[in-house]
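Asks: here's a sequence, model it:
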Amino acid sequence: MSEFRQNPITKNWVLIAPARGKRPDQYKTYSVMSGVPEVDEKCVFCPGNEHTNSDILRINANGKITTQSDLESKRKGQANDWEIRIIPNKFGALEHTAVYRHKEFYISHSGDGDHQVIITRKHNEPVALQSIVLVELTIRTFIERINTLALHPELAYVQIFHNHGRDSGASIIHPHYQLIATPIVPPHIHSEIMGCYHYYQAHKACIYCDIIKEELLVKDRVVYESERFIVISAYASRSPFETWILPKKHGARFEDMSEEEIKHLSFVLKVTLGQLYTKLSDPPLNFYIHNMPLRKQDGGFSHSAEEEEAYHWHLTIFPRITIWAGFEFATGIPVNPIPPEVSTKFLKGEE
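Replies: All right, here's what the predicted structure looks like:
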């Protein structure tokens with residue numbers, strides 16, 4: 001039976017339409033990494049091709065950071081034991097430019113900001129197959145980047161995301177993440193913050209914390225649970241297998257995670273991506289982190305303390321196995337042919 005469901009935070013609607021769908025296992029598309037070698041000498045991200053980019057920094061397996069100035073010094077060539085490299089995006093969506101704002105009938109703002117690429121070493125090793133140690137190192141790198149970019153007063157928000165496979169928008173198959181730091185707070189983030197704030201005003205509680213309580217009570221959308229995190233199929237999933245990873249302890253900021261939470265998130269992220277990798281045969285997907293806007297340089301906040309209390313950072317995984325058509329573009333209402341309760345059972349091996 002078809003059903004309209006509303007996202008309780010943003011108030012956006014989705015249409016769950018199981019009559020239009022197939023069995024969950026029939027949504028396997030293609031294996032993104034099938035037949036891909038460990039090293040491709042033609043790939044600009046692979047070891048041996050470091051000269052094709054100007055690195056911002058490199059990080060080895062022990063977490064040692066080698067900066068751009070180190071690489072340009074006499075130690076050049078001694079930092080090829082990297083596990084993670086960070087480079088400027090050659091075709092960046094944003095750039096360092098003169099700041100201007102224009103506000104008359106139309107409103108504009110200069111495209112001032114940063115667009116960086118975070119690269120892991122092996123050409124054919126998707127995040128689902130990476131070691132927990134490498135996933136943890138990657139998460140620590142995200143935190144380092146957020147804290148570093150927070151020192152730039154012109155920046156308002158850092159968006160970190162991962163594209164896996166051509167249908168996700170990845171132009172290079174080599175595993176990597178992108179970071180775009182913007183001078184404005186993106187509308188989706190603003191909408192989430194306001195939705196959380198309004199709920200907090202009415203109930204004196206975080207809506208994500210209440211979602212966690214509800215999901216643990218109902219249990220039919222809980223994909224995985226650990227001591228520190230819960231993984232759920234979103235109630236108003238916009239597409240099959242849309243998955244949320246939520247910290248059980250309330251926190252507005254990804255970068256404020258404790259050491260224990262970082263370790264737990266590394267494991268939970270790998271397990272969740274591993275379930276999708278196994279059950280859907282390595283599908284194309286995106287995942288991204290939604291976080292509070294950057295702190296101000298003086299240690300204050302760009303948002304009120306109540307908004308900090310109301311918001312709850314989270315990570316969303318979005319497999320790309322359906323496409324938007326006329327109805328979706330015309331109405332803004334996604335049509336999802338697999339109810340999240342069904343996708344949860346499938347991922348857990350119960351169907």
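
Asks: work out for me the element K345 sits within.
Replies: helix 340-347 (DSSP states H and E).

Asks: that's a helix at V223, yeah?
Replies: No. Going by DSSP: H, G, I helix; E, B strand; the rest coil, the assignment for V223 is strand, not a helix.

Asks: so it makes contact with S237?
Replies: No. Using C-beta atoms under 8 Å, V223 is not in contact with S237, being 11.6 Å away. All C-beta atoms are positioned from the backbone trio N, CA, C, and that covers glycine.

Asks: quick one on the thing from earlier: from the chain's centre, how far out does the helix holding K345 sit?
Replies: Helix 340-347 sits 21 Å away from the centroid of its parent chain (C-alpha atoms, centre = their mean, to the nearest Å).

Asks: contact partners of it?
Replies: 16, 18, 24-25, 220-223, 232-235, 237, 240-242, 275-276, 279, 351 (C-beta atoms under 8 Å, 6 or more residues apart in numbering).

Asks: just those residues: which are in strands?
Replies: Using DSSP state E, the members of those that fall in strands are I16, V222, V223, I232, S233.

Asks: out of those residues, which is most surrounded?
Replies: I232 (27 neighbours; other C-beta atoms under 10 Å).

Asks: buried stuff in stretch 326-336?
Replies: Neighbour-count burial for stretch 326-336, counted by 16 or more other C-beta atoms under 10 Å, picks out E328, P334, V335, N336.

Asks: least trustworthy helix or strand in the chain by mean pLDDT?
Replies: helix 68-72 (a mean of 70; mean pLDDT, DSSP states H and E).

Asks: following the chain past it, name the next helix or strand.
Replies: Downstream of helix 68-72, the next assigned helix or strand under DSSP H and E is strand 82-88.

Asks: who are the packing partners of that next one?
Replies: Under the contact definition 3 or more C-beta pairs under 8 Å, 6 or more residues apart in numbering; DSSP states H and E, strand 82-88 sits against strand 57-60, strand 114-120, helix 132-149.

Asks: and the ones you listed as CSV, adding mean pLDDT?
Replies: Formatted as CSV, those follow (pLDDT from 0 to 100):
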stretch, mean pLDDT
strand 57-60, 92
strand 114-120, 95
helix 132-149, 96
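
Asks: how about the residue most central in space within the chain, what does it touch?
Replies: With distances taken as C-alpha atoms, centre = their mean, the residue of the chain nearest its centroid is Y288 (1.3 Å). Neighbour list for Y288: Q159, I160, F161, H162, L315, T316, F318 [criterion: C-beta under 8 Å, 6+ apart].

Asks: next, the angle helix 132-149 makes with the helix or strand harbouring it.
Replies: Here Y288 sits within strand 285-290, counting by DSSP H and E. Strand 285-290 runs at 50 degrees relative to helix 132-149, counting by axes from the mean of the first three to the mean of the last three C-alpha atoms, to 10 degrees.

Asks: what pLDDT, on average, does strand 285-290 get?
Replies: The average pLDDT for strand 285-290 rounds to 96.
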